[in-house]
Every structure is written in structure tokens, then in C-alpha cells.
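*Asks:* okay, sequence plus prediction incoming.
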Amino acid sequence: MTGTLPDPLAAAVSPSLPAEDVRLLEEAYSIAADCHREQTRKSGDPYLTHPMEVATILARQEAGTDLVCAALLHDTACPPDRIRDRFGPGVAELLTGLARLEADGDVTSASDDVLRLKLADRLHNLRTIEYVAPARQRVKSAETLRTLVPVAARLSLTDVGLELSALASGVLHSPAPAVARGPSQHALAFAAVLLPRAVRARWLAEWAGELAALPTVRRRAGFVASLVVAMPGLSRALRKTGPRAQGSGATAVLSGVAVVVTALNSTFTWPTAVVAVTALAVLTAVLFTRDDRAAARLHALIRAWRRRR
């Protein structure tokens, strides 16, 4: 089978696949190619190589057409309604489930197919992890060994689990770079008191990796200021009952953070920081009026601040 699919993926797809399924794969690949047309990975390779490799991993596992389509589309940010109309509810639900899993990290509530998509995504990212900042490499590798390798074993994906384990262990067994804990890390840890205790360490580890990858003090300060402003909204999203609410709420909050980070990283000044802290105070006040338990967290936050003085 050739068509518009690249050779590695075309070779991995079953030659007995129905013509309609082939058409869906070709359309998914076309959309991915269009969405990632001007994007590159940290390695300098076209970004399209990533979804293509993820799809190839799944095709070699003889995954269904919906799952391979979802792999091709998983980083396109296409609206769910558009995905549903063009590829059906199965693909749309896989992408929604993956977004929820990325937000809450709860592998126990994700479907097996969503977990297979996540495993393939992480496998290719680990294969190319040398281009990622060292701190983030260690965060992702530790998470892989802690949560994803056991998932691979549960799904009987032995080869995937072994490769994930080998790649992640290789990163963690290499010498760790010395990272000074500066004002930015202290500010994040201080603001993160608002987050639920169960997920606080995970978010701080993610942010530490992102922070370490930023090259200048101004960009790090902008990143921290934007997260501080978003912290009350993220806290409320994570406190909603049920994994679905957590995933969708946290995803919405972090989508807003991404926009703010971009702006602050390019235009950050110390007056901006003052505005950010003021906004945090206002947002926190709103949060406390809607969440009685947050008052106790404010009290703990103030006590922690006094101990640091």
C-alpha cells in the first residue's frame, strides 16, 4: 500500500486493510502534515516525524484504524467536533481521553487504547530525548518508570515496556546536572501550596523541567509569573470531583497559561511581575469565596512564608 502515506507507516499497515480505512489514514496524515507544516522538533527534524512514528509503532502492533488515526492527529489541536465529523466518535474519544490523561496523569481511569496511544507517544519521545533539557529528561524518565512501564506490563506490551524501561533507566543512571534552587523555584513551590497535595509534586516536577530549559532570567521570571497567576484556577480545576472534570478543567487552565507564558516571555518587566502578583491576589480571593477548604490552605501558605523570612 502506498497512497499518500510515508513508506515506514505504509509498510507497517496491514495490506488487507479495507479501502475506507486506508482513506481515513491518508486523510489523517494529510491533516497532520498541514497542521505541522512549519513546525520542527528540538532535534531540528520536521515535527511531522513524531506523529508518523507514533502511528507506525501502533500499526506494527496491529492496532485498529481509529487508534492509528488518533496517533497521527494527537498533536494537531483540531477541534473535537471536526475530528468527530471526519473520523467518527472513536477517534474523537481517544484524543479527548489522551488530553485528559495528560492533564490529570490518572492511568487508572484511562481506557486501554488511550494508554496504548500514550505509551507509543512516550516511546518515541524517549527515543529522541537527548535533544530535551537534562532536567526535563529526568522528570519524564522517572514518570515513565513509575507509571508507564507498569501499564505496558498490564497490557502485555512486553517489548514496549522493556524499551521504555531501558531508555528511562539510561537517563536516570547518567550523572545528574547540578541545578541551583533559585528564586524562581522557591516562588513556584510557594504558590503551589494551593494545589491538592496528591498532585502537587507532579506539577512541580513538570514545571522544574520546563524552567530549567529556559535560557534567560527574564524568560524564567515570565514563566513563573504566568503560572502564579494561573495557580488558583488550576487548583480549582484539579479539585473538581471526578477525573473527567479534573482533566477538562486543568486542560483549559493550562491552555490559558500557555498563551500568557508566550506573552510574558517576550515582554516581561518587573511592573509585569507586580501586575501578576496582584492578579494572583484577586484570583485567590475569588477562589476562596467558592472553596471553603482553600482558606485553610491560605493560612498554611502564610505560615510557610513567615518561616522562610
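*Replies:* Received, thanks. Everything quoted here is computed from the prediction, not taken from an experiment.
*Asks:* helices of the stretch 51-200 of the chain, residue ranges please.
*Replies:* Applying DSSP state H, counting those that start in this stretch to the stretch 51-200 of the chain gives helices spanning 65-73, 80-87, 89-104, 112-127, 134-143, 149-154, 158-172, 183-191, 197-213.
*Asks:* mind checking which of those helices is nearest residue 20?
*Replies:* Residue 20 sits nearest to helix 65-73 of all those, at 8.8 Å, using CB to CB. Every residue, glycine included, has its C-beta placed from N, CA and C.
*Asks:* most tightly surrounded among the helices of the stretch 51-200 of the chain?
*Replies:* Highest mean neighbour count among the helices of the stretch 51-200 of the chain (mean count of other CB atoms under 10 Å): helix 65-73, with a mean of 26.
*Asks:* which strands or helices does that helix pack on?
*Replies:* Helix 65-73 is packed against helix 19-35, helix 49-60, helix 80-87, helix 89-104, helix 112-127, with contacts defined by 3 or more CB pairs under 8 Å, 6 or more residues apart in numbering; DSSP states H and E.
*Asks:* and the first one, average pLDDT?
*Replies:* For helix 19-35, mean pLDDT is 94.
*Asks:* which parts of that helix are buried?
*Replies:* By neighbour count with 16 or more other CB atoms under 10 Å, helix 19-35 contains the buried residues 21-22, 24-29, 31-33, 35.
*Asks:* redo the residues you listed as a markdown table? Include distance to residue 78.
*Replies:* Formatted as a markdown table, the buried residues of helix 19-35 follow (distance: CB to CB, whole Å):
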| residue | distance to residue 78 |
| --- | --- |
| 21 | 19 |
| 22 | 20 |
| 24 | 14 |
| 25 | 16 |
| 26 | 16 |
| 27 | 12 |
| 28 | 10 |
| 29 | 13 |
| 31 | 7 |
| 32 | 9 |
| 33 | 13 |
| 35 | 7 |
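*Asks:* now residue 96: how far from residue 139?
*Replies:* 25 Å (CB to CB, to the nearest Å).
*Asks:* ok, now how distant is residue 36 from residue 153?
*Replies:* For residue 36 relative to residue 153 (CB to CB), the value is 32 Å.
*Asks:* for residue 44, same thing?
*Replies:* Distance of residue 44 to residue 153, given as CB to CB: 34 Å.
*Asks:* and for residue 206?
*Replies:* Distance of residue 206 to residue 153, given as CB to CB: 24 Å.
*Asks:* just residue 64 next, same as before
*Replies:* The value you get for residue 64 to residue 153, if CB to CB is used, is 22 Å.
*Asks:* likewise for residue 14?
*Replies:* 26 Å.
*Asks:* now residue 236
*Replies:* 35 Å.
*Asks:* what of residue 190?
*Replies:* For residue 190, the distance to residue 153 - CB to CB - is 38 Å.
*Asks:* next one: residue 57
*Replies:* Taking CB to CB, one finds residue 57 at 17 Å from residue 153.
*Asks:* give me the element residue 232 is part of.
*Replies:* Using DSSP states H and E, residue 232 sits in helix 217-239.
*Asks:* that helix: which residues count as buried?
*Replies:* Result for helix 217-239 [16+ other CB under 10 Å]: buried residues 218-239.
*Asks:* report pLDDT for the residue nearest the centre of the chain.
*Replies:* Nearest to the mean C-alpha position of the chain, by CA atoms, centre = their mean, lies residue 102 at 4.7 Å. pLDDT, residue 102: 91.
*Asks:* same deal with residue 265?
*Replies:* 46.
*Asks:* which intervals of the stretch 151-300 of the chain have sub-threshold pLDDT?
*Replies:* Low-confidence segments of the stretch 151-300 of the chain (pLDDT under 70): 176-185, 209, 212-213, 215, 239-300.
*Asks:* the residue nearest to residue 80 when sequence neighbours are not counted and residue 84: what is the separation?
*Replies:* Excluding its sequence neighbours, the residue lying closest to residue 80 (CB to CB, 6 or more residues apart in numbering) is residue 92, at 5.2 Å. From residue 92 across to residue 84, the span is 4 Å (CB to CB).
*Asks:* what does residue 15 give?
*Replies:* Distance, residue 15 to residue 84, using CB to CB: 29 Å.
*Asks:* with residue 64 instead?
*Replies:* Taken as CB to CB, the span from residue 64 to residue 84 is 17 Å.
*Asks:* and if you look at residue 203?
*Replies:* 30 Å.
*Asks:* what do you get for residue 94?
*Replies:* The gap separating residue 94 from residue 84 is 11 Å, by CB to CB.
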